[in-house]
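Q: Model the structure of this input:
(2 chains)
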Amino acid sequence: MDEARSRLFIFSLLVATVIGLLGARLVVLQLIETDEYAEESEKNSVQPRRMLPARGLVYDRNGALMVSNEQTYSVTLTPRFFDMDKLPMLAELLDLPDSTVVAKIKDARAWSAYKPSTIFSDIPFETFSHLQESQFRLPGVNFVVDEKRSYHSAARAAHALGYIGEISSRQLDTRREAGYRMGDKIGKTGIEAVYEPHLRGDAGQRFMLVNVHGQEVKSWREGTQDVPPKSGYDLVLGIDAQLQAVAESLFVNKRGGAVAMDPNTGEILALVSAPDYNPALLAGTIDDRVWSGMNQDENKPLYNRATLSMQPPGSTWKPFMSLVGLQEGVISPETRIHCSGGFHFGRYYKCMGAHGSLTVADAIKKSCNTFYYTIMSRMKLDRWADWARAFGFGKDVPTDIPEQSRGLIPDSTYFNRIIGEGRWNLSSIAKPILGIGQGNMGVTPLQLARYVSAVANGGTLHAPHLIREMVDPETGERYTPELPASVQIPVDDVYWPVVQEGMRRMAMENNASARWDDVVVAGKTGTAQNPHGEDHAWFVSYAPFDDPQIVVAVFVENGGYGSSVAAPIGGLMLEQYIDGTTDKHPAFVRRRAMTNGSEGLNPEDWDRWHPPTADEIFGPRESLRKSIAEAGEDETPVVQTSGQ
Amino acid sequence: MNKPWYQRLDYIVIFAWASLVALGLTAIYSSTHGPASIYLLDTVQQNFTRQLQWVVLSVIAICVLLAIPSRVYQSGAYAAYGISLLMLIGALMFGREINGAKSWLPIGPFSLQVSEVAKVGTVLALAQLYTQQRNETNKLKSALIAAGLTLVPAALIVLQNDTGTALVFLALLPVILFWSGIPLPTVGLIVSPAVAGYLAIVYWPAAIVYTVLVAGLLGWAARSKIMGLLGLGLNGATVAVAVVALTKILQPHQAARIASFVDPEKYRLTSGFHIIQSRAAIGSGGLTGKGFMNGTQTQMAFVPEQSTDFIFSVIGEEFGFIGSISVLILFAFLIIRLISDGVSTRHPFPSMFAAGVTGIFFAHVLINIGMATGVMPVIGIPLPFMSYGGSALLANSLLIGVALNLHMRRDEFPRYG
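A: The predicted structure follows:
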């Protein structure tokens, strides 16, 4: 072998060795450690993305759609991957000045350069589709398609439905296990909060291939590994959307609340708190001005007066007192008590008139105070308080409405606590007025509706509830949720008809506002004395008398007399539910229902955070107005009101 | 002289060239036409079509080169070298800057990277130099002239801020010296510090062991203590300089750029990013690869410069071990075949030319694939015939064309014993 040949051999050997070493490196990378690198490359480009399920829909008791979902579009931007040269293009597509977009990008950069930030939410669909067409020219720009609630019925039912909002960090701490992530929506109040686990459904997962800029390119393995989300349950509520809408319209420009219930089941047929708000304002991105407007409004539109407002019940308390007096043996159905216009107990307590000799049914009809001062004076305070609690007062009502007051039923423990043991006596606390639902006590409209339901059905205290059933949107299967058990009030069966009769006579013979046509109505008005201002108006009622289908409890804050302010509203609600119209009541009742008790509020005041006027929102009110106009001249009421 | 010209062509070289070019085009197509390619720059999206034009141009150039009598290359060698230098200076003065390197001259609609084309002139000049000096007894004098011929263009290219390409010129030296008849131990002495420097970066104790071993080997091979001491000194100095430079002299980011291939995780978001992504691409390819247009690293553009310097990662990911080892084997074939073709002529010009060509290809393959697989620092030089880049493809094809010519017309050369 000559010199050249041997050098050729050495060179070839060197080349083969070096290339062999590179080949060995390939063996290590591709054959031995390939799993490790496969995982690394997968981690790079395959990204799991959560697919949020469609939130359950909400229907009223007749199947009318109340709440559904609509899509919203948001723009996100990852500052690290965004090319600032593309700023004019992005601003033009968004139809915004460059400076606005720059400010948003600055904010995003301040938060994180590498993570996408939402820079504009709830953009119009047009803008979204233009942007999407140009997305490939805008690295770092991406979209979030989300859903927000949309509302369909004439009824707002804002306090019953509640609203959803971004999860708070405190809620997130406890709910991370359940699959919640930062920025997720969660029910904040109403049924949205109570039935959150059912409405939400189960999130799915899809695997996307993303490029080095984090832009989604296509689905991984043609989506075969994806897990579809499972939609939330649809809810069917006991609410009657028509009744709810009519009731809301009757509360325009008033403060107050109303609860309508099915006395046979405890289903809530209507839940009104006024002033209310348009729930659509709290769907999707909430305008800061709207939110602070609602919170600062002195009339507190977010406050649920139907369950939180506690006031003395006034004379609506008298059916309760009658039942307790009968059961305790203080009176019998035939016992007569003489009213000479007042009652002595330490001092003189006045009645509204000298009613003469009355049975208990008379006393309810005439709303005689003397009769109930007498019963109250013959009962021990704590015994009375126990009975009040047996009727569901002074304690939490088992219900699916998340917020409520317990109300106040005073007993000796209470007075010892707030006045001091030995520093009060029965006359100093004006014990007799507790017998007529005045003084140091408070009940909520919900508690009153529940108690009147028990009166109507002969003693069963149901758990008032908004939900009727849940429907699996995929299978159509229906579930009735477990409800708290109903309780029987330990009052003998014979006494209920006595009180029912008193209430029938009250509504049929004393007050003309509730009844209509030949429907027999039972009811009781009430006026809660208010040392701080105008009295509060109450009305509780049920109908039809022989086969009760609906109970209403109406409360108008600072409304004045229950008989002229609250009773007309209650009467129209009864008619709407039973006959599906409000045309059969005399025109004066409809006028009263709309106007009485509404002087205290300046509509400009509480409407300032939602531009449309009340009339625009409340169709039913318009039809009411029309029916009054058609009825022609004012009719004189047949029976003048006199109840308190 | 009996066989017709087409029977004297080396079809193995042509086959290897064509295969590598075809694989390169495939990989370029895959990296620029996937579902995510709309996010790539418009210019990158056109890489495939433009490379195809350069391939056509290269085929024409090879055909033209084959038609030229071989003595023209010998007589025109220095002229070609001179033109190369002029172009390098021209680029420095009037050239365009692309990716930070001012080594581009606009020629018509194209931009020519003169640092690539200058290789052809330099290799021709070196071959001619050794042909003229074949009887020169002072081997050192020839070696110094050869070094000068190589270092002048290399220096100009460094000035153009294209260190990677300049490094390839330096790789010419030991190969040329090896073929020039210098004693093997001397060649070993010159080559060995490169390995010492590499080991110093990777793991310095190994570099010290290596230094001692090499010094002993050199001393034994040359039967000379001085040779051994020289080996010890040269390698030792290289290791010391490398270690001191990395820890004391260079700025941390400069040191990181060199050393990041040793521990790329440490520099994940900076200088280690290329290496991590390329390694993940090649490693995840496994035995058979993820399939054409199906590599997630490639299609989702995780490997930077994947149609140019990191083209090997595309092959590795989409065609797996089978694809990437085939590329290595093709290069090994091409290099060994080219050098043995050159040597078989038994004339210094073709054999020295082949030595230069194979030196260049070998350096490119080693550095480029070493970098893609994470065993070499990231030095931006293309993989011959495969990386996107018209100038490099043309220059490398010109080298192939001349080598084919010299082999085809080997009988025109007088044979030397």
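
Q: Give the full set of residues in contact with residue 374.
A: Since no chain was named, I'll use chain A. A:I337, A:F343 (CB atoms under 8 Å, 6 or more residues apart in numbering or on different chains). Just so you know, the C-beta spots here come from the backbone N, C-alpha and C atoms, and that holds for glycine as well.

Q: my bad, chain B
A: B:G374 neighbours (CB under 8 Å, 6+ apart): A:R25, A:L29, B:F261, B:P264, B:I275, B:S278, B:R279.

Q: With adjacent residues omitted, what lies nearest to it?
A: Take B:G374 and drop its neighbours on the chain: the residue closest to it by CB to CB, 6 or more residues apart in numbering or on different chains is B:R279, 4.4 Å away.

Q: about what we covered before: show the buried residues in the contacts of B:G374.
A: Listed as buried from the contacts of B:G374 are A:R25, A:L29, B:F261, B:P264, B:I275, B:S278, B:R279; burial here means 16 or more other CB atoms under 10 Å in any protein chain shown.

Q: taking those one by one, which sit in helices?
A: A:R25, B:I275, B:S278, B:R279 (DSSP state H).

Q: can you list the weak-confidence ranges in the stretch 301-417 of chain B?
A: Under the criterion pLDDT under 70, the flagged ranges of the stretch 301-417 of chain B are B:415-417.

Q: repeat that with 80
A: B:414-417 (pLDDT under 80).

Q: Tell me where the stretch 201-350 of chain A has helices.
A: Assigned by DSSP state H, counting those that start in this stretch, the helices in the stretch 201-350 of chain A fall at A:241-250, A:288-296, A:305-308, A:318-328.

Q: packing partners for the longest one?
A: When contacts are defined as 3 or more CB pairs under 8 Å, 6 or more residues apart in numbering or on different chains; DSSP states H and E, helix A:318-328 sits against helix A:360-366, helix A:369-377, helix A:381-390, helix A:445-457, helix A:495-505.

Q: pLDDT averaged over that helix, what's the number?
A: If you average the pLDDT over helix A:318-328, you get 96.

Q: buried set for it?
A: For helix A:318-328, a neighbour-count test (16+ other CB under 10 Å) marks A:K318, A:P319, A:F320, A:M321, A:S322, A:L323, A:V324, A:G325, A:L326, A:Q327, A:E328 as buried.

Q: Nearest residue to the second one in space, ignoring adjacent ones along the chain?
A: With sequence-adjacent residues excluded and distances taken as CB to CB, 6+ apart, A:P319 is closest to A:V499, at 4.9 Å.

Q: what about the longest strand in chain A?
A: strand A:65-77 (DSSP state E).

Q: That strand vs helix A:241-250, what angle?
A: 80 degrees (axes from the mean of the first three to the mean of the last three CA atoms, to 10 degrees).

Q: hmm, strand A:65-77 in reach of chain B?
A: No: judged by CB under 8 Å from any CB of the partner chain, strand A:65-77 and chain B are separated, with a smallest distance of 15.3 Å.

Q: what's the closest of the helices and strands packed on helix A:318-328 to A:D472?
A: helix A:445-457 (29.9 Å; CB to CB).

Q: what packs against the helix or strand just after that closest one?
A: Note on helix A:445-457: by DSSP states H and E, the next helix or strand toward the C-terminus is strand A:460-461. Where contact means 3+ CB pairs under 8 Å, 6+ apart, strand A:460-461 is packed against helix A:445-457, strand A:487-488.

Q: Quick one: closest of these to A:D517.
A: helix A:445-457 (19.6 Å).

Q: Write out the residues of the stretch 151-300 of chain B neighbouring chain A.
A: Counting by CB under 8 Å from any CB, the stretch 151-300 of chain B sits next to chain A at B:175, B:178-179, B:181, B:184, B:276-277, B:279-287, B:296-297, B:299-300.

Q: Could you rerun that using 7 Å?
A: B:178-179, B:279-287, B:296-297, B:300 (CB under 7 Å from any CB of the partner chain).

Q: Filter the residues you listed down to the buried ones.
A: Of the members of these, the ones counted as buried by neighbours, 16+ other CB under 10 Å, are B:178-179, B:279-286, B:296-297, B:300.

Q: Make a markdown table out of those residues and add secondary structure and pLDDT.
A: Compiled in a markdown table, these are given as follows (DSSP: H, G, I helix; E, B strand; the rest coil; pLDDT from 0 to 100):
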| residue | secondary structure | pLDDT |
| --- | --- | --- |
| B:F178 | helix | 84 |
| B:W179 | helix | 81 |
| B:R279 | helix | 92 |
| B:A280 | helix | 92 |
| B:A281 | helix | 94 |
| B:I282 | helix | 95 |
| B:G283 | helix | 94 |
| B:S284 | helix | 94 |
| B:G285 | helix | 93 |
| B:G286 | coil | 93 |
| B:T296 | helix | 86 |
| B:Q297 | helix | 88 |
| B:M300 | coil | 83 |
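
Q: Closest one of these to chain A?
A: Chain A lies nearest to B:G283 out of those, by CB to the nearest CB, at 2.6 Å.

Q: can you tell me which residues contact the residue in the stretch 51-200 of chain A positioned nearest to chain B?
A: Per CB to the nearest CB, A:F136 is where the stretch 51-200 of chain A lies closest to chain B, at 4.1 Å. By CB atoms under 7 Å, 6 or more residues apart in numbering or on different chains, A:F136 lies in contact with B:I38, B:Y39.

Q: what about the residue in chain A that chain B sits nearest to, how many neighbours?
A: Going by CB to the nearest CB, chain B is nearest to A:Y37 of chain A, at 2.6 Å. Residue neighbour count, defined by other CB atoms under 10 Å in any protein chain shown, stands at 23 for A:Y37.

Q: List the buried residues of the longest strand along chain B.
A: Using DSSP E, we find that the single longest strand of chain B is strand B:101-107. Residues B:A101, B:K102, B:S103, B:W104, B:L105 are the ones in strand B:101-107 that count as buried (16+ other CB under 10 Å).

Q: Return the list of helices and strands in contact with the helix or strand where A:E39 lies.
A: Assigned by DSSP H and E, A:E39 belongs to helix A:34-45. Where contact means 3 or more CB pairs under 7 Å, 6 or more residues apart in numbering or on different chains; DSSP states H and E, helix A:34-45 is packed against helix B:273-285, helix B:296-299.

Q: returning to that earlier point: mind checking which of the helices of the stretch 201-350 of chain A is nearest A:P490?
A: helix A:318-328 (7.5 Å).

Q: how far is that closest one from where the chain is centred?
A: Its chain's average C-alpha position is 33 Å from that of helix A:318-328, according to CA atoms, centre = their mean, to the nearest Å.

Q: How about residues contacting it?
A: A:331-333, A:360, A:364, A:367, A:372, A:375-376, A:379, A:384, A:387, A:391, A:435-436, A:451, A:455, A:491-492, A:495, A:498-499, A:502-503, A:524.

Q: Give me the buried entries from these.
A: Among those, those buried by neighbour count (16+ other CB under 10 Å) are A:331, A:333, A:360, A:364, A:367, A:372, A:375-376, A:379, A:384, A:387, A:391, A:435-436, A:451, A:455, A:491, A:495, A:498-499, A:502-503, A:524.

Q: thought A:G190 was touching A:H159?
A: Yes: applying CB atoms under 7 Å, one finds A:G190 in contact with A:H159, separated by 6.3 Å.

Q: most neighbours per residue, which of the helices and strands packed on strand A:460-461?
A: Among the helices and strands packed on strand A:460-461, helix A:445-457 has the highest mean neighbour count (mean count of other CB atoms under 10 Å in any protein chain shown), at a mean of 27.

Q: In three-state terms, label B:S307 for me.
A: Of the three states, B:S307 takes coil according to DSSP: H, G, I helix; E, B strand; the rest coil.

Q: Show me where the stretch 101-250 of chain B has its helices.
A: Using DSSP H, counting those that start in this stretch, helices in the stretch 101-250 of chain B cover B:114-132, B:139-159, B:163-179, B:184-202, B:204-222, B:225-244.
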